[in-house]
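Colleague: Sequence and predicted structure, then a few things I'm wondering about:
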Amino acid sequence: MTSLRYPTVAPVVGQSGGMEQLAEPVPAGAPPLRAPAHRLSPRARTWWRLRALLNGLVPVVPQVLALAVLGDAAPGWLGLTTSVTVAAVLAYTVAVPPLRYRIHRWEVTDEAVYTLSGWLVREWRIAPISRVQTVDTEHGPLQQLLRLANVTVTTASARGPVRIMGLDAQEAAELARTLTETTQATPGDAT
Amino acid sequence: MTVHPQGPPPEQPTVAPDRFRPGTGPADTTVAVVETPWRRLDPRMLAVGPLNGMVGLVPLVVVLLISGQGDLTRLWVAAVAGVLVVLAGVLRWRTTRYRITPDRVELHIGWLNRQRRSVPRDRIRTVDLTAKLLHRAFGLSVVQVGAGSGGPADEAGLSLDAVSKAEADRLRRELLAQRGGAAAAPGDAAGAARSTAVPVVPPARELARLDWAWLRYAPLTLSSLAGIGAVVAAVFNVAGDLGVDPRDIDAVDAAGERLAAAPVWLAVGGLGVLLLVVAALGSLLLFAERWWGYRLTREPDGTVRVKRGLLTRRSLSVSEQRLRGAELTEPLLLRAGRGAQCRALTTGLSGEGGGALLPPAPRAQAHRVASEVLREPPAEITAATLRRHPPAARVRRLTRALGPSLVLVAAAWVLTVSGAGPGWAGPVSLLLPPVALLLGVDRYRNLGHALTARYVVARSGSLNRRTAALQRAGVIGWTIRQSPFQRRAGLVTLTAVTAAGVGGYDVLDVGAADAVTLADAATPGLLARVHAH
């Protein structure tokens, strides 16, 4: 990994024109917000695939076991549901992670932490830097394997946390460090 | 802290640190030498704690005694359980200590499993005093300190169960005393000294008091359902504890048989009327128990205070600085009766149900109370003129209401036609879509939002209409959600994130562009850089 470079201050879009290629046209029906500047780590796709496969095992394994144990005595519909489940898990594993990677974005501007997520239901979250209370990084076992991490930015609201999941681990640590420094410089109890 | 307005109880020396007190163990010497002494809960808890435990044991003991019929081991079990309860009460009192330092409120509980809670004083938003019947008989009160949420769990608040009424009152005043004024130097001594030096400050101003005519709204609230629940649960609990199956009682059994023999409509009608009567009675009782002696006041120390309760006396104090808005809730029946409920939006209160400012009362009263408490004209807050949401929102409300009802109708007809279900299922289910249609229309009519000088106002809901007025300064972030269906309709759900109340208030199905405009205008600057120009 070479030197870390990502702007914690976003370019002002629409006036300078220098970063205009970042601003994609807002699709019809979507809120007129520009997408956050940064993508997640490309390895996040692998993480989502592995996670989808592992989660897929939960409905698949019992059915396969039942088929194996029962053998010929297995009811006809069991084979059908098993194959449908396997197909659904595979389809999800193939289709959704790239979609997620295209959509999920994050950015930290002077004023706010800003994220976009959700492949089916889109969710834009904006939390003012001045109201940030804690910044946590965490990585599960799969993520450690892939050198990924999540950054959770908490405000005083129970419904306010902004999560950036699937960042490069080093990038996440750097982000958490800068965010913590910024928020510690802000007085008040952020409620 | 050296001065106590009411004078400390004799068994609680206030000048000597805890470790100098006789009878404390060596563990206490680990406490560093500090100016603020630890205090214990009121010694009357030695009686109240075990008694409370005993009350919980009564059904068990009764069952043991009744069913045992002289069996000595059962008596022994009951006796041992009683002794354990007493010991637990003593142990709890012995191991619970609290103190208020200039910066924090600290509470240590437990012997083997020690818990230490500590709440920064500048985070305290509410102080709730509750005295159940037994506590009241002994002149005690539970102090619940509510702090801003979101931080580490141990800073969410704590509860002292229990201290004397005088001590509870002192704590309430001291913990919510406004700091940083000219008279209030930061620090505990100053706060305590002020409350002694000025015992009679300007009297509290009354904002509202109970009007027994409001009793007519009691059966119209959801509490009538709770009334049914409470009555039925009580009957079944008592019956269950006594080991009696209601079906074994002849009268009940006979009534049940007659009911089963009667035509279906009569049985259903009879049961319905019975339930209605129980619900109405239950809700009247609940109203009286909850709102007896209700008074809403503005205290000279910068708090708003709600006092109420018949058996359980409650006093909720909310720091005015921490008020973030108000919410009007109007369950369908209450709305039909032109009534409403009003609650405060503030941090440190457990979202749903917490912070009630007013019993079910005429809607105009609810608006007036919200306006008095927030010091804003009603038109700036809950009674603001709301902007309608786009027609696409109506289509969405209607499809969401009608869709499930049509599925139910189809299912009912399948049952009827196939003969698997009763013959009336199909025809009766035809009543559902018109009701759903009305509900959908009403839900759309109620959708609305407004941005006033200092507040964001949002309304939604039909069965339970809610109008939330949230201070713009209390908005600490925004969430915009859009499902694929909403995207096609050009709508989003905008959530104003806040530390108060339930943590976020939704503006449902607002136009996508309107949502961004609203958020941008409500919190200037925050969205400037993310707006797609």
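Modeller: Everything's here; your move.

Colleague: Tell me how far the residue in the stretch 251-400 of chain B positioned nearest to chain A lies from B:A499.
Modeller: Nearest residue of the stretch 251-400 of chain B to chain A: B:T347, at 5.7 Å (C-beta to the nearest C-beta). To be clear about C-beta, it is placed using only N, CA and C from the backbone, and glycine gets the same treatment. According to C-beta to C-beta, to the nearest Å, B:T347 and B:A499 sit 5 Å apart.

Colleague: cool, B:W212 as well?
Modeller: Computed with C-beta to C-beta, the distance linking B:W212 and B:A499 is 37 Å.

Colleague: Who has more neighbours out of those two?
Modeller: Set B:W212 next to B:A499 and count neighbours by other C-beta atoms under 10 Å in any protein chain shown: B:A499 wins out with 31 against 10.

Colleague: any idea what sits nearest that one, other than its immediate chain neighbours?
Modeller: Nearest residue to B:A499 in three dimensions, chain neighbours excluded: A:A156, at 3.7 Å (C-beta to C-beta, 6 or more residues apart in numbering or on different chains).

Colleague: quick check: mean pLDDT across stretch B:296-312?
Modeller: For stretch B:296-312, the mean per-residue pLDDT is 90.

Colleague: Just the CA atoms of it, as CSV, please.
Modeller: What follows is stretch B:296-312 as a C-alpha-only set of coordinates in CSV (Å, rounded to 0.1, in the frame of the first residue of the first chain):
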residue,chain,number,x,y,z
LEU,B,296,-48.4,21.0,34.9
THR,B,297,-46.1,23.8,36.1
ARG,B,298,-43.2,25.9,35.0
GLU,B,299,-40.8,25.9,37.9
PRO,B,300,-38.6,28.9,38.7
ASP,B,301,-35.5,26.7,38.2
GLY,B,302,-36.0,26.4,34.5
THR,B,303,-37.9,23.1,34.4
VAL,B,304,-41.3,22.0,33.4
ARG,B,305,-42.9,19.7,35.9
VAL,B,306,-45.8,17.2,35.6
LYS,B,307,-47.2,15.9,38.8
ARG,B,308,-49.9,13.2,38.8
GLY,B,309,-51.1,9.8,40.1
LEU,B,310,-53.5,8.3,42.6
LEU,B,311,-51.8,5.2,44.0
THR,B,312,-48.4,5.7,42.3
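
Colleague: Beyond the strand or helix carrying A:W47, next helix or strand please.
Modeller: Under the criterion of DSSP states H and E, A:W47 resides in helix A:44-70. For helix A:44-70, the succeeding helix or strand toward the C-terminus, using DSSP H and E, is helix A:76-103.

Colleague: How far away from the center of its chain is the helix or strand that comes right after that next one?
Modeller: Using DSSP H and E, the helix or strand that directly follows helix A:76-103 along the chain is strand A:105-108. Relative to its chain's centre, strand A:105-108 lies at 11 Å (C-alpha atoms, centre = their mean, to the nearest Å).

Colleague: Quick one, grab the pLDDT at B:P186.
Modeller: According to the prediction, B:P186 has pLDDT 38.

Colleague: Look up how far chain A lies from B:S460.
Modeller: For B:S460, the distance to chain A equals 16 Å [C-beta to the nearest C-beta, to the nearest Å].

Colleague: Not counting its neighbours along the chain, what's nearest the residue nearest to the spatial centre of chain B?
Modeller: Note on chain B: the residue nearest the mean C-alpha position is B:G354, at 2.5 Å, using C-alpha atoms, centre = their mean. What sits nearest to B:G354 in space, not counting adjacent residues and going by C-beta to C-beta, 6+ apart, is B:R343, at 7.4 Å.
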